[in-house]
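Asker: Below are the sequence and a predicted model; questions follow.
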Amino acid sequence: MQEIPIVLIGHKDHGKSTLIGRLLLDTKSVRESRLKEVKEVDESIGQKFELAHLVDSFKEERENEMTMDTTRAILKGKERNYQLIDVPGHKELIASMLTGAAGAEAALLLVSIEEGIREQTRQHLEIAKLLGIDQLGVVVNKMDKVGYQKEEFDQITERMKEILDKIGYSSENIHFFPISAWEGDNVVERSRKMPWYKEKTVLEFIEGEIKEPESFQNLPLIFLVQDKYLDECKEILVGPVESGRLKVNQKILILPDRREGEIKTIRDITGESVEAETGQNIGIEICQGKKMLTNISRGNVITTLNSNIKTSRDISGEIFWITAPSGSNLVFECGTASVEGQLVEPKVVNQGEKTYYRILLRKEIAVFPRSRTILGKIVIKDKGKIIAVGSIQ
């Protein structure tokens, strides 16, 4: 059954893990044995059972009440399943969201009615928009803490609408949900404590409003070279098919150096295959006539001869700055390529803002501007740390 990825975003302690736990529990998406195991671990460390602990992967997380890494849980739906992606909400871990959200088709933004809109509320929205996540629901959590008052809900939704419109979302098309993830109000079942709310529950929104993922199958072939190994003197290139498909004997182009070749063999987890599709992780051999092609490595991209995948060292677009750079010489990553370069624009960067950018790389890389593929996005690193994420235009 198809799994549609949904990322949960928002400030720390606003209830992302608790909401996932409630969805898993009330839809019976979690096994009894798993529930028993979590309760036993909680008891062993002297804590009471929390819904968030169904999601947290490590015992240490339960001890400090903090989701440390990107965690994925499967929500069982009536006709399809959903991959709920729980990412950290802490400011120092915001970069982890890039990995967690990369494959998401939709997002649920959690806002605590108690704490209100915080810095990371806006930051996560900015990143989600840049990553191309247009399907969005805003979940106003902890309504039980304010006595389920409609006035409190209305006030925070009005402020959120202003932020959404400023970032580029259309607030008129966004669903807002007053919930208590801990109590279960308006998550799976409609709440009797908020008779003034007549709209969908969170689960009804997920099952009825979130569209199926856009297929990358019909886009140009993008095979990202992640690694290589030798097998009986044959060089096997390993990586994912990001988009399109490839077949044995297919003519291909190696970017950015634009060498031509031909697919000799394809290997997947079952052995040799005649073709591979979007989403598969495979190994391939490339030849040129009777000669094996070598000197292909991480950062190279395999595409078709007539592909509109481009190569460039002069790249620009929109970018969100997690933190300001320490200088203009930085490392830029796109796909599996990692190249040093210079930030030309902007001249001045402020933390937490979105700007236009232009960079000059030391060498060309493969890019697919204005696409939702990984070659349409760029990450900037400064001294090994992610400081910005952006789109390529």
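Answerer: Noted; the coordinates are in hand. It should be emphasised that the depicted structure is a prediction, and the values quoted were computed from it without experimental measurement.

Asker: For residue 208, see how far away the closest residue to residue 277 other than its chain neighbours is.
Answerer: Spatial nearest neighbour of residue 277, chain neighbours left out: residue 245 (4.8 Å); criterion: Cβ to Cβ, 6 or more residues apart in numbering. Yep, even glycine has a C-beta here, placed from its N, CA and C like the rest. Distance, residue 245 to residue 208, using Cβ to Cβ, to the nearest Å: 32 Å.

Asker: Would you map the helices across the stretch 251-393 of the chain?
Answerer: Counting by DSSP state H, counting those that start in this stretch, the stretch 251-393 of the chain yields no residue ranges for helices.

Asker: What ranges does it have for its strands?
Answerer: Assigned strands in the stretch 251-393 of the chain, in chain order: 251-255, 259-268, 271-273, 275-277, 281-288, 291-292, 301-304, 310-321, 329-334, 337-345, 354-367, 377-382, 385-391 (criterion: DSSP state E, counting those that start in this stretch).

Asker: list the helices and strands the fifth one packs on?
Answerer: Yep, that's strand 281-288 we're talking about. In terms of contacts (3 or more Cβ pairs under 8 Å, 6 or more residues apart in numbering; DSSP states H and E), strand 281-288 is packed against strand 234-243, strand 259-268.

Asker: buried sites along the first one?
Answerer: The neighbour-count check on strand 234-243 (16 or more other Cβ atoms under 10 Å) flags 235-243 as buried.

Asker: List just the nearest of those to residue 72.
Answerer: residue 240 (16.8 Å; Cβ to Cβ).

Asker: which residues touch that closest one?
Answerer: Counting by Cβ atoms under 8 Å, 6 or more residues apart in numbering, residue 240 touches 223-224, 226, 279-282.

Asker: and the least confident of those?
Answerer: Lowest pLDDT within these is found at residue 279 (82).

Asker: In space, what's closest to it - neighbours in sequence excluded?
Answerer: Residue 279 sits nearest to residue 241 (Cβ to Cβ, 6+ apart), 6.6 Å away.

Asker: ok, now residue 74?
Answerer: residue 81 (5.5 Å).

Asker: How many neighbouring residues does that neighbour have?
Answerer: 15 (other Cβ atoms under 10 Å).

Asker: got it, and residue 245?
Answerer: 17.

Asker: If the closest residue to residue 133 other than its chain neighbours is in a bridge, with which residues?
Answerer: Leaving aside its sequence neighbours, residue 133 sits nearest to residue 107 (Cβ to Cβ, 6+ apart; 4.9 Å). Here residue 107 shows beta-bridge partners residue 7, residue 136, assigned using DSSP bridges.

Asker: Surely residue 107 touches residue 6?
Answerer: Yes: judged on Cβ atoms under 8 Å, residue 107 makes contact with residue 6 at a distance of 6.8 Å.

Asker: Which stretch among the strands of the stretch 251-393 of the chain is buried most, on average?
Answerer: When the strands of the stretch 251-393 of the chain are scored by mean count of other Cβ atoms under 10 Å, the highest mean neighbour count falls to strand 301-304 (a mean of 24).

Asker: Count the residues that sit near the nearest residue to residue 184 once chain neighbours are set aside.
Answerer: What sits nearest to residue 184 in space, not counting adjacent residues and going by Cβ to Cβ, 6+ apart, is residue 22, at 5.7 Å. Counted with other Cβ under 10 Å, the neighbours of residue 22 add up to 25.

Asker: Model confidence at residue 22, what's the number?
Answerer: If you check residue 22, the pLDDT there is 91.

Asker: With residue 384 instead?
Answerer: On pLDDT, residue 384 comes in at 87.

Asker: now do residue 82
Answerer: Confidence score, pLDDT, at residue 82: 89.

Asker: would you put the C-alpha positions of whichever helix or strand it is part of in PDB?
Answerer: For residue 82, the element it lies in under DSSP states H and E is strand 81-86. What follows is strand 81-86, C-alpha atoms only, in PDB (Å, rounded to 0.1, in the frame of the first residue of the first chain):
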ATOM      1  CA  ASN A  81      -1.100   4.600   4.700                       C
ATOM      2  CA  TYR A  82       0.800   7.800   5.800                       C
ATOM      3  CA  GLN A  83       4.400   8.200   6.900                       C
ATOM      4  CA  LEU A  84       4.400  10.700   9.700                       C
ATOM      5  CA  ILE A  85       7.800  12.400  10.000                       C
ATOM      6  CA  ASP A  86       8.600  13.800  13.400                       C
END
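
Asker: For it, name the packing helices and strands.
Answerer: Counting by 3+ Cβ pairs under 8 Å, 6+ apart, strand 81-86 packs on strand 3-10, helix 16-26, strand 71-76, helix 96-101.

Asker: Pull the distance from that strand to the chain's centre.
Answerer: A distance of 11 Å separates the centroid of the chain from that of strand 81-86, by Cα atoms, centre = their mean, to the nearest Å.

Asker: For residue 384, see how far away residue 355 is.
Answerer: Distance from residue 355 to residue 384, counting by Cβ to Cβ: 22 Å.

Asker: if we can go back for a sec, give the contact list for the residue nearest to residue 277.
Answerer: By Cβ under 8 Å, 6+ apart, residue 245 lies in contact with 217, 221, 275-278.

Asker: coming back round to it: in PyMOL, select just the buried ones from the contacts of residue 240.
Answerer: Entered in PyMOL, the line below selects the buried ones among the contacts of residue 240, by 16+ other Cβ under 10 Å:
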select buried, resi 223+224+226+280+282
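
Asker: Need the contacts of residue 240 in TSV (columns: distance to residue 18).
Answerer: Below are the contacts of residue 240 laid out as TSV (distance: Cβ to Cβ, whole Å):
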residue	distance to residue 18
223	40
224	36
226	35
279	31
280	35
281	33
282	39
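
Asker: Out of the contacts of residue 240, which is nearest to residue 162?
Answerer: For the contacts of residue 240, the nearest to residue 162 is residue 279 (38.1 Å; Cβ to Cβ).

Asker: ok, that closest one touching residue 243?
Answerer: No: using Cβ under 8 Å, residue 279 is not in contact with residue 243; the gap is 9.3 Å.
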